[in-house]
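**Student:** sequence and predicted structure are below.
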Amino acid sequence: MALARDQFFYFVWRVFGTLHSGREGDFVPGWHVQAMCHELDEVRIGANQRLVINVPPRHLKSITVSVAFVAFVLGHRPSSKIIVASYGLDLARRHSEDCRRVMQSRWYREMFPGTRLGGRGNTVDEIRTTKGGSRKAVSIGGAVTGHGADYIIIDDLMKAGDASSEAELVRAQEYIEGSLLSRFDNPSEGRVVMIAQRLHELDPPGYLLGKGGYRHLNLPAIAEDDQRIAAGKGQHHCRKKGEPLFPERFGLDVLERLRREMGAAVFNCQYQQNPVAPDGSPLRWEWFGTYDEILPRHAYEMVAQSWDTGTAADPRSDYSVCTTWGFRDRKWWLLNVFRDRLDYPDLKRTCLRLGEEWEADVVLIEDAATGRPLFQDCIEQNRSRFRRVTPEQDKETRFRAACDPVSEGQVLLPREAGWLDDFRRELLAFPRGRYDDQVDSFSQMMNWTKSTGFWRKLGREHPLARERVARLESMRRRR
């Protein structure tokens, strides 16, 4: 009893037995649970006030954080006010009811005689103690007005299926910032704990980690590097690259089967906690060829540019991106990537300037948002250079189609360029990356190279065009 009162890990063990009556022996005291417990107890005692834990599904994360940790905090300090947020109200209420069961159990009441549930104010969503403490369960979008907090606990605020929606990502961020983090009674002492599986680079954990100041316990299902992880006072677990996190339940054979069944992209997010892992992309970087240096303009048969335009110079706006391509020896060379946030007057000047600097034969502008007025203004300056492109199908479909010329060895990148790392990172992170403006510019360009617009610009007398015509004629004769 004394061990569980003082050491949170053993308290979790007792909680598991209460919630799984008759299955107490099923609890596996994995080191990852000890690591989570250590970090959570550091928050409780005030050694740390901001914590993000990323861990795969079915690894005891909710029972440890949303149930046991809450009961443990209220046991030691029954006046604490805790808000626990989850993606769905049913889930939030289930965790609340589990916490109530623990706090009403005989062993808990004996362990913490100073903590008792109040006779009034207890509802399906809220647990109150006789000392003024509480546990308030909310779901994303749920009202928290009138509820102060000492702790904000965020447990899987998004469903996996919502992570591909930009609107849902923004909704989660706004709920965290506008509703949850504003509830602290004493902001200097308030504590935030988030536990979740990763879903997207801009998901709730990514959003909080991007703000800085959060301690991060990252527990991928399969270690991607050697790790030394704190698992208690003066205790560490040394994990070797390639080791499974929870071998008693998820051995390597099980994890590899899950990877095959759900696909690399989803597995990398939910199990590896890596939403931008390259093997989740339809693009393989090794498909790109390379070149050493940019040649003089006359060495290219055609130079084309592809614009994906942002809306403003505001730091929260999308980037405007222009990729510049040279066509030579039946391959496309990526010569330059321009990427910046611009207000419309600067966007127009930059579009015209880059077209002149690179002596572009064709400048593609997406027929959307600021691209519409940009095209109209630019054709007044040079009607033959600019082309309007109407996007068809969704971004992912366009990107997959754009990967075809790359896989066929038709696209070259420079061996070195200041913009190359950002370009690589964004393309391989899509569709779960933070940005997709370079992706859109790339997709628009590659798909245009397969369109009738490209063949018209190339001219029917070009050898490549003649080969295409001969190939089409041969196909018709075979029919």
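**Tutor:** Nice, I can see it.
**Student:** CA atoms for contacts and neighbours, from now on please.
**Tutor:** Will do.
**Student:** which residues touch the nearest residue to Thr324 once chain neighbours are set aside?
**Tutor:** Among residues not flanking Thr324 along the chain, Gln305 sits closest, at 4.4 Å (C-alpha to C-alpha, 6 or more residues apart in numbering). Listed by C-alpha atoms under 8 Å, 6 or more residues apart in numbering, the contact partners of Gln305 are 322-325, 355, 360, 362-364, 445.
**Student:** quick one: Gln305 is in a helix?
**Tutor:** No. Judged by DSSP: H, G, I helix; E, B strand; the rest coil, Gln305 forms no part of a helix; its state is strand.
**Student:** mind checking how far it is from Glu426?
**Tutor:** Noted for Gln305: a distance of 19 Å to Glu426, by C-alpha to C-alpha, to the nearest Å.
**Student:** could you do Trp332 as well?
**Tutor:** Distance, Trp332 to Glu426, using C-alpha to C-alpha: 20 Å.
**Student:** these two: which has the busier surroundings?
**Tutor:** Taking neighbours as other C-alpha atoms under 10 Å, Trp332 and Glu426 compare with Trp332 leading, 25 against 19.
**Student:** shaky segments in the stretch 151-300 of the chain?
**Tutor:** Applying pLDDT under 70 to the stretch 151-300 of the chain flags residues 277-280.
**Student:** can you give me the helices in it?
**Tutor:** 166-175, 204-211, 252-262, 264-270 (DSSP state H, counting those that start in this stretch).
**Student:** tell me which of those helices lies nearest to Gly75.
**Tutor:** For Gly75, the closest of the helices of the stretch 151-300 of the chain is helix 204-211, at 27.9 Å, according to C-alpha to C-alpha.
**Student:** for that closest one, buried residues please.
**Tutor:** The neighbour-count check on helix 204-211 (16 or more other C-alpha atoms under 10 Å) flags 204-209 as buried.
**Student:** and what of stretch 319-333?
**Tutor:** Neighbour counts over stretch 319-333 (16+ other C-alpha under 10 Å) mark 319-327, 331-333 as buried.
**Student:** of all the residues you listed, which two lie farthest apart?
**Tutor:** Based on C-alpha to C-alpha, the longest span within those runs between Tyr319 and Lys331 and measures 27.3 Å.
**Student:** re earlier: possible to save the buried residues of helix 204-211 as TSV with distance to Arg385?
**Tutor:** Below are the buried residues of helix 204-211 laid out as TSV (distance: C-alpha to C-alpha, whole Å):
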residue	distance to Arg385
Pro204	43
Pro205	45
Gly206	41
Tyr207	41
Leu208	44
Leu209	44
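**Student:** from these, which is closest to Ser407?
**Tutor:** Closest to Ser407, out of all of the buried residues of helix 204-211 and judged by C-alpha to C-alpha, is Gly206, at 31.1 Å.
**Student:** burial measure for Leu3, as a count.
**Tutor:** Residues lying near Leu3 (other C-alpha under 10 Å) number 10.
**Student:** got the contact list for it?
**Tutor:** Residues near Leu3 by C-alpha under 8 Å, 6+ apart: 10-11.
**Student:** can you mark which positions in the helix or strand containing it are buried?
**Tutor:** Using DSSP states H and E, Leu3 maps to helix 2-6. Across helix 2-6, burial judged by 16+ other C-alpha under 10 Å covers 4-5.
**Student:** how far off centre is it?
**Tutor:** Averaged C-alpha coordinates place helix 2-6 at 38 Å from its chain's average position (C-alpha atoms, centre = their mean, to the nearest Å).
**Student:** what of stretch 158-172?
**Tutor:** The answer for stretch 158-172 is 10 Å, by C-alpha atoms, centre = their mean.
**Student:** before we move on, what about stretch 95-104?
**Tutor:** 32 Å.
**Student:** helix, strand, or coil at Leu334?
**Tutor:** strand.
**Student:** residue contacts, Asn112?
**Tutor:** If you look again at residue 112, you'll see it is Phe, not Asn. 75-76.
**Student:** check it and give its pLDDT.
**Tutor:** Note on Phe112: pLDDT of 97.
**Student:** and the residue nearest to Tyr291 when sequence neighbours are not counted, its phi and psi?
**Tutor:** Nearest residue to Tyr291 in three dimensions, chain neighbours excluded: Pro414, at 5.0 Å (C-alpha to C-alpha, 6+ apart). Main-chain torsions, Pro414, degrees, to the nearest 10: phi -70, psi 150.
**Student:** neighbours of Pro414, how many?
**Tutor:** 17.
**Student:** give me the pLDDT value at it.
**Tutor:** For Pro414, pLDDT reads 97.
**Student:** in which helix or strand would I find Val439?
**Tutor:** In this assignment (DSSP H and E), Val439 forms part of helix 437-448.
**Student:** downstream of that helix, the next helix or strand is which one?
**Tutor:** By DSSP H and E, the next helix or strand past helix 437-448 is helix 452-458.
**Student:** would you mark the buried spots in that next one?
**Tutor:** Residues Trp455 are the ones in helix 452-458 that count as buried (16+ other C-alpha under 10 Å).
**Student:** and Gly210, how far from Tyr175?
**Tutor:** Distance, Gly210 to Tyr175, using C-alpha to C-alpha: 16 Å.
**Student:** Cys322 contacts Val337, doesn't it?
**Tutor:** Yes. Using C-alpha atoms under 8 Å, Cys322 is in contact with Val337, at 5.8 Å.
**Student:** next one: Asp346 from Ile153, what distance?
**Tutor:** Applying C-alpha to C-alpha, the value for Asp346 to Ile153 is 44 Å.
**Student:** should've said Trp448
**Tutor:** 48 Å.
**Student:** cool, Thr290 as well?
**Tutor:** According to C-alpha to C-alpha, Thr290 and Ile153 sit 48 Å apart.
**Student:** what of Val138?
**Tutor:** 10 Å.
**Student:** and for those two, which residues touch both?
**Tutor:** Any residue near both Val138 and Ile153 by C-alpha under 8 Å, 6+ apart counts here, and that gives 83-85.
**Student:** burial of the residue nearest to Ala231 when sequence neighbours are not counted, as a residue count?
**Tutor:** Sequence neighbours aside, Ala35 is the residue nearest to Ala231 in space, at 4.1 Å (criterion: C-alpha to C-alpha, 6+ apart). Residues lying near Ala35 (other C-alpha under 10 Å) number 20.
**Student:** what helix or strand does Ala35 sit in?
**Tutor:** helix 31-44.
**Student:** ok, now Arg128?
**Tutor:** Here Arg128, judged by DSSP H and E, is contained in strand 126-128.
**Student:** partner strands of that strand and their direction?
**Tutor:** Here strand 126-128 has these sheet partners by DSSP bridges: strand 134-139 (antiparallel).
**Student:** quick one, which of Thr290 and Ile153 is more surrounded?
**Tutor:** Neighbour count, other C-alpha under 10 Å: between Thr290 and Ile153, Ile153 has more, with 24 against 15.
**Student:** contacts only, for the more buried one.
**Tutor:** Going by C-alpha under 8 Å, 6+ apart, Ile153 touches 65-66, 82-85, 192-194.
**Student:** mind listing what the residue nearest to Ala231 touches?
**Tutor:** For Ala35, the contact set (C-alpha under 8 Å, 6+ apart) comprises 229-232.
**Student:** ok, now Val33?
**Tutor:** 9, 60, 64.
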